[in-house]
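Peer 1: After the sequence you'll find the predicted model.
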Amino acid sequence: MSSKELVQSSFNEKTDRRNRILIVEHRIPKIKENFDHVFSFFPNNADSFPSDYLDLAQYQEIYYRVYEAFLEQIENNAFREFFSYRGVDLLWCFKKKLFNYANDFAIRYAVLSKIAEKYGPADFCIEDSEVNVPTRLIYENSSLKSVTRMIDIQSSQTNRYRTGNGMSWSRGLGFWPSRIGPKTQGSLEYLLFSDFSKVRRVSEKLNWRNVAFYTDVKAPRLFLQSRLKGFGFYQYNYQHSADHKYKALASEFIERLKTQNPFTNSGFDGFDAGKLLGLGLESLFRPMLPKLLYDIDALFRLFNGQKAIRSILLDEDVAPTKNAACQIARLCGVRSFVECHGALGEKSGFAPVTADIIFVWGTAQKVKLAAWGVPEEKIIVSGCTRYTAYLHMNKREIRERVVRDMKLDCRNKLAVIAFPPIKYSRLRFFEQKWKEFFYEVLQVVSSIPDVQFLIKIKRKSDCEVRNYSEKWISDHQLEKRLIIVEDYDPLLLAKAADFLIVYGSTLAVEGFAMGTPVIWLHDEWSPLLVEYRKYQVLHYAEDKRSLANWIKRLCEDVETLAIGDREGAYRDCLNRGQQAAPEDVIAFHLKQSHL
């Protein structure tokens, strides 16, 4: 303990003074004064953040402990029959979102406990606004009350951070009908509930005329593709005209929660998890359940009207409506399949698998899923259909195309920077770390001449990375060397680039698949690509010095590409070299008969 801390401790003991700690739950342009300490769950100008109290290993220990406790409650819940609609388990539909609540509460409790331990006795000060409900709930339903107390302070009108422009894509489609169900040109045998770009090659193998796409959102572009290709198109978009019926049904389920809370404290320590999860379920049911009930009725209408459907292919089974689609398919005797289109990140995003079969890229992903408890007979190694068309493209021609589109200098090296979205509209506990890592990259690349860096972001993600980038580029006059790229095909960027700089993004896998060198940042803070570690095919950079060193080597020596066991990684992680193409493997299994 420093001399300053000793003096402060002595002063506290003599005066019984309590530390005033501001707990910030959202973005604040200006932190208020007169606090001994400011802690923020989001990137702000605060004294500390979640990563100052928990490292990734501690976070994962809590994550997996909560996951097992939560899954035990979901799978063996005595009240599941009370939360079922037409045979569809609603708790199971919301399992990923409910787990997020459970994990969120557990992490918050762990962090707040460490703050109380470090600074107690203390007053936790929060703004009296609905944004701060999670911290207040944790405090009121935990043992924190024995070591600290909570004080509401006056809310500032300027503290709220609004994202987006208030106009969604669907709102801009008021002219487009909510329900479309044209007849297919042939016999509908295969239903696809996925992005068109992800399953296009599979659809070709199945014969377009036997395929229909299903969507629960307005999709005029997909409709136009259906006219061009001749496949079926079914759109059932939740309508305001159905509000009364489905809101009334949802209210009945919400009322049941008041007397039949399906959750207990089993497996959780320190806070009332049963009560908090019940409140979490209610907060999900109110805005989301009416639409889900409508979607369930729409899917039953489709399956009951198309008896020839053999199978349904989805890109995931975690979102409530897609999870319900898998359950309904089983009730109707139809096989359901999921094709993975990204790296297997967190366990809760993939396991347990609701679909009958899940297709993965390689044996490494199969091993990973099996370790997460997915039965091996449900996992089929198919390879990745997403990369097939790009692998045979000419790299030089693609590079010339990207350079032309971006108005770049063809004589200079080209690199792509990719980070996960940083959004203030949702909570990720380590976003402050991401922000620090991103600024490390900006500092390094700004000092490197003769290289053009494309900063890849998604417009729809409302990403703070854009704000950081624009300010940095303007302040340092780097408009010609740092270019923000929105919604450009990531595989074309990966193919065109001389190298990639990536943190926590699947662009690293796409770069590896395209044969482009990848600098992978701060591996200890991102478990996304653990299956690649043993092959040593990525260039690992843990600080600014190692990042600068790799950039220099990649600019000077293309032979640095040939590192590690690339053939082994291609074989085990992407199933490269198999005799059958991924789309052939998937199409073969989709053609199997009914359950």
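Peer 2: Sure thing, it's come through.

Peer 1: partners of the helix or strand hosting M150 in the sheet?
Peer 2: Secondary structure assigned from DSSP states H and E places M150 in strand 148-153. Using DSSP bridges, the strands paired with strand 148-153 are strand 122-127 (parallel).

Peer 1: what comes into contact with the strand it pairs with?
Peer 2: Strand 122-127 is contacted by residues 18-23, 25, 35-36, 112, 115-116, 132, 135-136, 139, 144, 147-156, 159 when judged by Cβ atoms under 8 Å, 6 or more residues apart in numbering. To be clear about C-beta, it is placed using only N, CA and C from the backbone, and glycine gets the same treatment.

Peer 1: so after it, what's the next helix or strand?
Peer 2: Following strand 122-127 in sequence order, the next helix or strand is helix 133-140 (DSSP H and E).

Peer 1: the inter-axis angle of that next one versus strand 122-127?
Peer 2: Here the directions of helix 133-140 and strand 122-127 differ by 150 degrees (axes from the mean of the first three to the mean of the last three Cα atoms, to 10 degrees).

Peer 1: Helix 133-140 packs against which elements?
Peer 2: helix 95-119, strand 122-127, strand 148-153, helix 273-305 (3 or more Cβ pairs under 8 Å, 6 or more residues apart in numbering; DSSP states H and E).

Peer 1: and the second one with helix 95-119, angle?
Peer 2: Using the same axes, to 10 degrees, one finds that strand 122-127 and helix 95-119 are set 130 degrees apart in direction.

Peer 1: If you average pLDDT over each of the helices and strands packed on helix 133-140, which is lowest?
Peer 2: Across the helices and strands packed on helix 133-140, strand 148-153 has the smallest mean pLDDT, namely a mean of 80.

Peer 1: For that strand, what is the distance to the chain centroid?
Peer 2: Centroid separation for strand 148-153 versus its chain: 33 Å, with Cα atoms, centre = their mean, to the nearest Å.

Peer 1: hmm, back to that, how about the strand holding M150, which residues are buried there?
Peer 2: T148, M150 (16 or more other Cβ atoms under 10 Å).

Peer 1: Going forward, the N-terminal residue is numbered 406.
Peer 2: Will do, 406 is the new start, and the previous item becomes strand 553-558.

Peer 1: Just the residues contacting it, thanks.
Peer 2: 423, 427, 437, 521, 525-533, 541, 544-545.

Peer 1: among those residues, which ones are buried?
Peer 2: Counted by 16+ other Cβ under 10 Å, the contacts of strand 553-558 give R423, L427, A521, G525, A527, D528, F529, C530, I531, E532, R541, Y544 as buried.

Peer 1: Show me which of those is closest to V604.
Peer 2: R541 (44.5 Å; Cβ to Cβ).

Peer 1: Return the helix or strand in this structure with minimum mean pLDDT.
Peer 2: helix 408-420 (a mean of 42; mean pLDDT, DSSP states H and E).

Peer 1: Following the chain past that one, name the next helix or strand.
Peer 2: Following helix 408-420 toward the C-terminus (DSSP H and E): strand 424-429.

Peer 1: Direction included, what does that following strand pair up with?
Peer 2: When DSSP bridges is applied, strand 424-429 pairs with strand 442-445 (parallel), strand 527-532 (parallel).

Peer 1: where along the stretch 606-755 of the chain do the helices fall?
Peer 2: 625-634, 648-664, 678-710, 725-736 (DSSP state H, counting those that start in this stretch).

Peer 1: Quick check: L813 is in a helix.
Peer 2: No. Counting by DSSP: H, G, I helix; E, B strand; the rest coil, L813 is located in no helix; its state is coil.

Peer 1: ok, it - how many residues close by?
Peer 2: Neighbourhood size, L813 [other Cβ atoms under 10 Å]: 18.

Peer 1: My guess is it contacts R886. True?
Peer 2: No. Applying Cβ atoms under 8 Å as the test, L813 and R886 come out as separate, 9.6 Å apart.

Peer 1: what residues are shared contacts of these two?
Peer 2: Shared contacts of L813 and R886, defined by Cβ under 8 Å, 6+ apart, comprise Q857.

Peer 1: before we move on, the earlier item: highest mean neighbour count out of the helices of the stretch 606-755 of the chain?
Peer 2: helix 725-736 (a mean of 23; mean count of other Cβ atoms under 10 Å).

Peer 1: rewinding a little: need the helices and strands packed on helix 538-545 in TSV (columns: distance to K996).
Peer 2: As requested, the helices and strands packed on helix 538-545 are exported to TSV (distance: least, Cβ to Cβ, whole Å):
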stretch	distance to K996
helix 500-524	30
strand 527-532	57
strand 553-558	60
helix 678-710	18
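
Peer 1: Of the ones you listed, which is nearest S631?
Peer 2: S631 sits nearest to helix 678-710 of all the helices and strands packed on helix 538-545, at 15.0 Å, using Cβ to Cβ.

Peer 1: report the angle between the axes of that closest one and helix 538-545?
Peer 2: Between helix 678-710 and helix 538-545, the angle comes out at 140 degrees (the same axes, to 10 degrees).

Peer 1: low-scoring pLDDT stretches of the chain, where are they?
Peer 2: 406-421, 434, 533-537, 559-580, 587-591, 828-833, 865-867, 963-967, 982-984, 998-1000 (pLDDT under 70).

Peer 1: So for it, which residue is the most central one in space?
Peer 2: The centre of the chain sits closest to G754, judged by Cα atoms, centre = their mean, with a distance of 8.1 Å.

Peer 1: need the strands for the stretch 756-905 of the chain, in chain order.
Peer 2: 762-765, 784-786, 818-823, 856-862, 887-891, 904-907 (DSSP state E, counting those that start in this stretch).

Peer 1: wait, isn't the residue nearest to the centre of the chain in contact with D722?
Peer 2: No. Using Cβ under 8 Å as the test, G754 is too far from D722 to be in contact (10.3 Å).

Peer 1: Can you give me the neighbour number for the residue lying closest to F843 once chain neighbours are set aside?
Peer 2: In space, and not counting its chain neighbours, F843 is closest to F824: 5.5 Å by Cβ to Cβ, 6 or more residues apart in numbering. F824: 25 surrounding residues under other Cβ under 10 Å.

Peer 1: what about F824, distance to W839?
Peer 2: Using Cβ to Cβ, to the nearest Å, F824 is found at 6 Å from W839.

Peer 1: any shared contact partners between these two?
Peer 2: With Cβ under 8 Å, 6+ apart, F824 and W839 have common neighbours Y908, G909.

Peer 1: so which of the strands paired with strand 424-429 gets nearest N980?
Peer 2: N980 lies closest to strand 442-445 among the strands paired with strand 424-429, at 43.4 Å (Cβ to Cβ).

Peer 1: Give me the contact list for the next helix or strand after that closest one.
Peer 2: Elements were assigned by DSSP H and E; along the chain past strand 442-445, the next helix or strand is helix 461-480. Helix 461-480 is contacted from outside by 459, 496-497, 500, 503-504, 507-508, 511-512, 515, 667-669, 671-673, 678, 682, 751-753, 757, 834-835, 929-930, 932, using Cβ under 8 Å, 6+ apart.
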